[in-house]
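> Any chance you can model this:
(one chain, ligands or ions: 1)
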Amino acid sequence: MNELSPPPGPALRDGFAYRDGTMHAEDVPLPVIADEIGTPCWVYSQAVLEDRFRTFDAAFAGIPHLVCYALKANSNQAVIRTFAELGAGADIVSEGELRRALAAGVAPERIVFAGVGKTAPEMAAAVAAGILQFNVESEPELERLSAVASGMGRVAQVALRVNPDVDAGTHAKITTGTPETKFGIELDQARDVAARAAALPGIRLAGLAMHIGSQLTSVEPYRAAFGRLVGFARTLMSEDGHRLERLDLGGGLGVHYRHAPPVDLPAYAAAAREALAGFPGTVVLEPGRWLVADAGILLARVQYVKRGSLKTFVILDAAMNDLVRPAMYDAWHPVRPVAEPRPGAEPVTVDVVGPICESSDVIATARTMPPVEPGELVAIGVAGAYGAVMSSIYNSRLLAPEVMVRGGDFSVVRARPSYDEMIAHERLAPWQTRRT
Ligand code: LLP
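Prediction:
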């Protein structure tokens, strides 16, 4: 496969396909969205979102399970609502995500709260909301949670997140399952922490959790980690008398960006079933990227084509402040012209960049793709996960709006702010004289 051929794989990708020479989002031609909303903008396919959730959920049919969508991948209200209506819970990592989940209609008893640095007010908000469980990552966190919950006359349900010491074989910045990372409690310390949990008044130890990294395309690290997690759970139950009701297997399932095929979902689910055989409780799953990546694109317009002596630069109106993944992780995203290239169009090798004033502002480096002209639209693919949520207003660029498509309809689900809104929270200090 090369950059010009459509990616292989499930029909899901058909959320964005050429039809009559123009790329559509479901039944809506992308130029219609660009003309009405302006560029850059994010475009999501509700059909793909729904299809992904149903497919994921179905893979665990027959075993008690709860799919808690990891909001961090894409926390737009319309995206969360799409999943909530299909029965999803939420995996949250902050009070902001708690509020987003509740506002979008996720039932509190389907919310799990992860993260190594929960503050006391965040804990209190989640206890008050009545969430399902806190995934606790250290003993000091456990002590704090107990104090917060018992101060409120409540008992917090806890899953200890253990660090199974399995290398996920993914990008260093998104690996989390080894002791070099800040995540989870190392297995040989976790038994004592579990004993401590059982002794604390504001805590009920209800389960264990793990998450070994993101964008895993092989099932093997999962298999190894599930085995260690379940083995440890059995020890806690049979030798230490803990009553564990839930095992949270985390997220991290990889999607198809370029070379590596997506993770084999049936094999992943089979590995989980195998490891869990005989475990009497519920399995919690926290997929983020897998549910949303393929459902979104970043739609941008070519501003200039600049031909240097060494390179040709395609300069877009989208930039690293919109999609930071290429700059931050050297991530590869497909870039395709919205107007279907003529058969036989001679490909060119270009750097696709944004207007931001630094060299790391790249969308694609040395990309071989059909030639594009100023004024043309391009779709940056597989951008539904860790796209809009990681954007910033660097260079004082407005956050790009988000658009949801469903069949032939589309709707702005996050508006482009105004410049006045962008600076509305800023003030001069009282000692500065305002120039009028
Ligand atoms: N659960 C926990 C505890 C996590 O830390 C994460 C992701 C997930 C679930 C969801 O993982 P997913 O299924 O989406 O892989 N910004 C990076 C990815 C960071 C992932 C952080 N944790 C990127 O753009 O690749």
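
> residues in contact with the least confident helix or strand in the chain by mean pLDDT?
Ranked by mean pLDDT, DSSP states H and E, the weakest helix or strand in the chain is strand 185-186, scoring a mean of 94. Residues outside strand 185-186 that contact it (CB atoms under 8 Å, 6 or more residues apart in numbering) are 137-139, 160-163, 165, 179, 193. Backbone N, C-alpha and C define where each C-beta goes, glycine included.

> run the last query once more with 6 Å
160, 162-163, 179, 193 (CB atoms under 6 Å, 6 or more residues apart in numbering).

> right, and out of those, which lies closest to residue 381?
Closest approach to residue 381 among the contacts of strand 185-186 (CB to CB): residue 163, at 33.5 Å.

> which residues in the stretch 51-200 of the chain form strands?
Ranges of strands in the stretch 51-200 of the chain, per DSSP state E, counting those that start in this stretch, are 65-70, 89-92, 111-113, 133-136, 156-163, 185-186.

> any idea how far residue 314 is from the ligand?
Computed as CB to the nearest ligand atom, to the nearest Å, the residue 314 to the ligand distance reads 23 Å.

> Over to residue 367?
For residue 367, the distance to the ligand - CB to the nearest ligand atom - is 19 Å.

> what secondary structure does that residue sit in?
The three-state label given to residue 367 by DSSP: H, G, I helix; E, B strand; the rest coil is strand.

> For it, give its distance to residue 123.
Going from residue 367 to residue 123 by CB to CB, to the nearest Å gives 45 Å.

> Give me the more crowded residue out of the two.
residue 123 (23 against 19; other CB atoms under 10 Å).

> What does the pLDDT read for the residue lying closest to the more buried one once chain neighbours are set aside?
Excluding the flanking residues, the one nearest residue 123 by CB to CB, 6 or more residues apart in numbering is residue 148, at 4.4 Å. Note for residue 148: predicted pLDDT of 98.

> how about residue 148, what does it touch?
120, 123-124.

> Per-residue pLDDT of the residue nearest the centre of the chain, please?
The centre of the chain sits closest to residue 73, judged by CA atoms, centre = their mean, with a distance of 1.8 Å. The per-residue pLDDT reported for residue 73 equals 98.

> likewise residue 70?
For residue 70, pLDDT reads 98.

> Low-confidence stretches in the stretch 101-250 of the chain?
By pLDDT under 70, the weakly predicted segments of the stretch 101-250 of the chain are 174.

> Contact residues of it facing the ligand?
Residues of the stretch 101-250 of the chain lying close to the ligand by CB under 6 Å from any ligand atom are 114, 174, 211, 214-215, 250.

> swap the cut-off to 8 Å and go again
Residues of the stretch 101-250 of the chain found near the ligand (CB under 8 Å from any ligand atom) are 114-115, 135, 161, 171, 173-174, 176, 183, 209, 211, 213-216, 250.

> again with the stretch 301-436 of the chain
Counting by CB under 8 Å from any ligand atom, the stretch 301-436 of the chain comes close to the ligand at 325, 328-329, 331, 385-386, 390.

> Turn these into JSON lines, columns for pLDDT, neighbour count and secondary structure.
JSON lines is the format used below for those (pLDDT from 0 to 100; neighbours: other CB atoms under 10 Å; DSSP: H, G, I helix; E, B strand; the rest coil):
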{"residue": "325", "pLDDT": "98", "neighbour count": "20", "secondary structure": "helix"}
{"residue": "328", "pLDDT": "97", "neighbour count": "15", "secondary structure": "helix"}
{"residue": "329", "pLDDT": "96", "neighbour count": "16", "secondary structure": "helix"}
{"residue": "331", "pLDDT": "97", "neighbour count": "18", "secondary structure": "coil"}
{"residue": "385", "pLDDT": "98", "neighbour count": "26", "secondary structure": "coil"}
{"residue": "386", "pLDDT": "98", "neighbour count": "24", "secondary structure": "coil"}
{"residue": "390", "pLDDT": "98", "neighbour count": "17", "secondary structure": "helix"}
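
> May I ask which two of these are separated the most?
The farthest-apart pair in these, when distances are taken by CB to CB, is 328 and 385, at 13.6 Å.

> Which strands or helices does the longest helix anywhere in the chain pack on?
Assignment by DSSP state H gives helix 220-238 as the longest helix of the chain. Packing partners of helix 220-238 (3 or more CB pairs under 6 Å, 6 or more residues apart in numbering; DSSP states H and E): helix 265-276.

> hey, where'd the helices end up in the chain?
With DSSP H, the ranges of helices along the chain come out as 30-37, 46-59, 77-84, 95-103, 120-129, 139-151, 187-199, 220-238, 265-276, 289-292, 325-329, 419-423.
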